[in-house]
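Undergrad: Sequence and predicted model, in that order:
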Amino acid sequence: MLNTNHYFFLVIVTLMMSVSLLATDIYLPALPEMTEYFNCSQTDIQRSFTVFLIGLAGCQLISGMLSDKFGRKRVVVIGFTVFTISSVLCAHSSNLAELNTCRLLQAIGGGVGSVVGRALVVDRFNRDGSVKIFSTIFPVIGLSAAVGPLIGGYLTYYWGWRSPFIFIASFGFLVLLMAISCLKDVKKNPVITLETETMDLLPINESKLGYLAIIRNLEFLGYALIICAGFCVFRCYTVESPFVFNSQGYGAEEIGHFYIVLSLSYLSGNLIARKLANSLKVSQLLAIGFSFFVSGGFCMVCASYLFSSSPYSVIIPMSLVTLGNGFLFPVGSASALTSVPSHLTGSASGLMGAMQFVFAALCINWVGEFSQGQALPMSIFIAGIILLGYCNYLFFVVYKTKPRVTAT
């Protein structure tokens, strides 16, 4: 089926890449309730995010290398089996240690979807085509940032904090069935097939050496760090903002609605980037993205200082940041993955994912201690990450690398 149906390919890749993001966001409105249930502090429950992101990082490195060696389907099937089982176990956790253990396993399984999904796209398309495909599927993936908390808010309100984990387990099981039924492990043909590569691949030890070559590639590093900055900002906001909103007097059901505008902004950025990709260079698309990214961070600090009791003091500026991410994520991802040799695409995808999850895990571990559920400290913390991301963009991309092709 995947050989003849281009749209079905986009559907299954989009679902695969959405799973880990949906699993991250769906229980955001339940965090205050989980804090009470496990009798722990805000920082303690936020560590479940840190554990999850560390698991994603490890999974990205391993699954990227294994998918290059053994083919995409085998890795996907094993990964989503682990994800589904561990999601059910999360819902039945009786203490915080059990929850963190299950979240780690959930991340290890679910992270397979994003790394293999990216690799499948780059297997089939060149840089220009990958930019357009990522600009098509990233808006749908980004909608989980709104749909996840919205669903999680209602599930938590009616059935308690365990229900979001049952829901995400069902979603993972659906993707598992689709992968078993529709993906095939055959020799890669990037022109006419959508299937995975199992022949003429590097041995695992050479793949490990390939990581060193990839990380020394300044072009890859520059684009990958752009993704890291955008991801860290978004994750810090999604982890800390429920406590900010809760301190302002809002409950789980209301908090779930606050993330809709962010996904609409991200969707708008993706769609605009896709349209402009027909006429602008990659460097120009990145410049536009960073203009929104940086201005949003500045506005957030100012607004939260002047209107600290209003949720819109952070929601509206963050929508500008996510509008910029709508440009940065697809353009940066496609540029990073097409800057390495084709036989290292899976490894590069895994390394890029690992970098963003490790950096985000560190930032999440600090943002709770720094912010303590207050809008202004959270805004200052996020603005600092934005500044670092912009400096990386100037140093590695603007002054160190030269885009070799346009996004036409």
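TA: Yep, that arrived. Numbering: from 1, shown residues only.
Undergrad: And the pLDDT for the residue lying farthest from the centre of the chain?
TA: The C-alpha centroid of the chain is most remote from Leu306, which lies 31.2 Å away (C-alpha atoms, centre = their mean). Looking at Leu306, its pLDDT reads 90.
Undergrad: okay, and the helix or strand of the chain with the least pLDDT?
TA: Ranked by mean pLDDT, DSSP states H and E, the weakest helix or strand in the chain is helix 204-215, scoring a mean of 62.
Undergrad: Buried ones in the helix or strand just after it, by neighbour count?
TA: Once the chain leaves helix 204-215, the next helix or strand it forms, by DSSP states H and E, is helix 218-247. The neighbour-count check on helix 218-247 (16 or more other C-beta atoms under 10 Å) flags 219-246 as buried. For the C-beta atoms, the positions are set from N, CA and C on the backbone; glycine is no exception.
Undergrad: Can you pull out the low-pLDDT segments for the stretch 151-300 of the chain?
TA: Within the stretch 151-300 of the chain, the stretches with pLDDT under 70 are 184-210.
Undergrad: Number of residues surrounding Ser333?
TA: Counted with other C-beta atoms under 10 Å, residues neighbouring Ser333 total 25.
Undergrad: residue contacts, it?
TA: 118, 130, 134, 223, 227, 352 (C-beta atoms under 8 Å, 6 or more residues apart in numbering).
Undergrad: What separation do you get for it and Val115?
TA: Distance, Ser333 to Val115, using C-beta to C-beta, to the nearest Å: 11 Å.
Undergrad: which residue ranges form the strands in the stretch 1-150 of the chain?
TA: Counting by DSSP state E, counting those that start in this stretch, the stretch 1-150 of the chain forms no strands at all.
Undergrad: Is Ile166 in contact with Ala91, as I believe?
TA: Yes. Between Ile166 and Ala91 there is a contact under C-beta atoms under 8 Å: 5.2 Å.
Undergrad: Neighbour count for the two, which is higher?
TA: More neighbours surround Ala91 than the other of Ile166 and Ala91, with 19 against 16 (other C-beta under 10 Å).
Undergrad: I'd assumed Gly160 was in contact with the more buried one.
TA: No. Assessed by C-beta under 8 Å, Ala91 is found out of contact with Gly160, at 9.6 Å.
Undergrad: Tell me the spacing between Ser310 and Ala375.
TA: According to C-beta to C-beta, Ser310 and Ala375 sit 8 Å apart.
Undergrad: Show me which of these two is the more surrounded one.
TA: Using other C-beta under 10 Å, the more surrounded residue of Ser310 and Ala375 is Ala375, with 26 against 14.
Undergrad: list the contacts for that one?
TA: 244, 304, 308, 313-314.
Undergrad: Just put those residues in CSV and tack on distance to Arg72 and secondary structure.
TA: Output for the contacts of Ala375, formatted as CSV (distance: C-beta to C-beta, whole Å; DSSP: H, G, I helix; E, B strand; the rest coil):
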residue, distance to Arg72, secondary structure
Val244, 40, helix
Ser304, 44, helix
Ser308, 48, coil
Ser313, 44, helix
Val314, 39, helix
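Undergrad: out of those residues, which are buried?
TA: Judged by 16+ other C-beta under 10 Å, buried ones among these: 244, 304, 313-314.
Undergrad: so can I have JSON lines of these showing distance to Ile382?
TA: Converted to JSON lines, the buried ones among the contacts of Ala375 look like this (distance: C-beta to C-beta, whole Å):
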{"residue": "Val244", "distance to Ile382": "11"}
{"residue": "Ser304", "distance to Ile382": "10"}
{"residue": "Ser313", "distance to Ile382": "13"}
{"residue": "Val314", "distance to Ile382": "9"}
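Undergrad: what's near enough to touch Trp161?
TA: Trp161 touches 27, 30, 33-34, 37, counting by C-beta under 8 Å, 6+ apart.
Undergrad: now swap in Ala252 and tell me
TA: Here Ala252 is in contact with 29-30, 32-33, 153, 156-157 (C-beta under 8 Å, 6+ apart).
Undergrad: Phe292 and Leu286: what is the separation?
TA: Between Phe292 and Leu286 the computed distance is 11 Å (C-beta to C-beta).
Undergrad: joint contacts of those two?
TA: Contacts common to Phe292 and Leu286, judged by C-beta under 8 Å, 6+ apart, are Phe327.
Undergrad: of those two, who's got more company?
TA: More crowded of Phe292 and Leu286, by other C-beta under 10 Å: Leu286, with 26 against 21.
Undergrad: part of a strand, is the more buried one?
TA: No. Leu286 sits outside any strand when classified using DSSP: H, G, I helix; E, B strand; the rest coil, being helix.
Undergrad: give me every residue that touches it.
TA: Residues near Leu286 by C-beta under 8 Å, 6+ apart: 226, 327-328, 331-332, 393, 397.
Undergrad: The same query, at a cut-off of 7 Å, please.
TA: 327-328, 331, 393, 397 (C-beta atoms under 7 Å, 6 or more residues apart in numbering).
Undergrad: Mind giving me the ChimeraX command for buried ones among the residues you listed?
TA: To isolate the buried ones among these in ChimeraX, judged by 16+ other C-beta under 10 Å, type:
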select :327,328,331,393,397
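Undergrad: Among the contacts of Leu286, name the ones in strands.
TA: Taking DSSP state E, every one of these sits outside strands.
Undergrad: and the least confident of the contacts of Leu286?
TA: Among the contacts of Leu286, Val397 has the weakest pLDDT, 77.
Undergrad: do you know how far the residue nearest to Tyr27 when sequence neighbours are not counted is from Thr322?
TA: Nearest in space to Tyr27, with sequence neighbours left out and distances taken as C-beta to C-beta, 6 or more residues apart in numbering, is Pro164 at 4.5 Å. Using C-beta to C-beta, we find Pro164 at a distance of 22 Å from Thr322.
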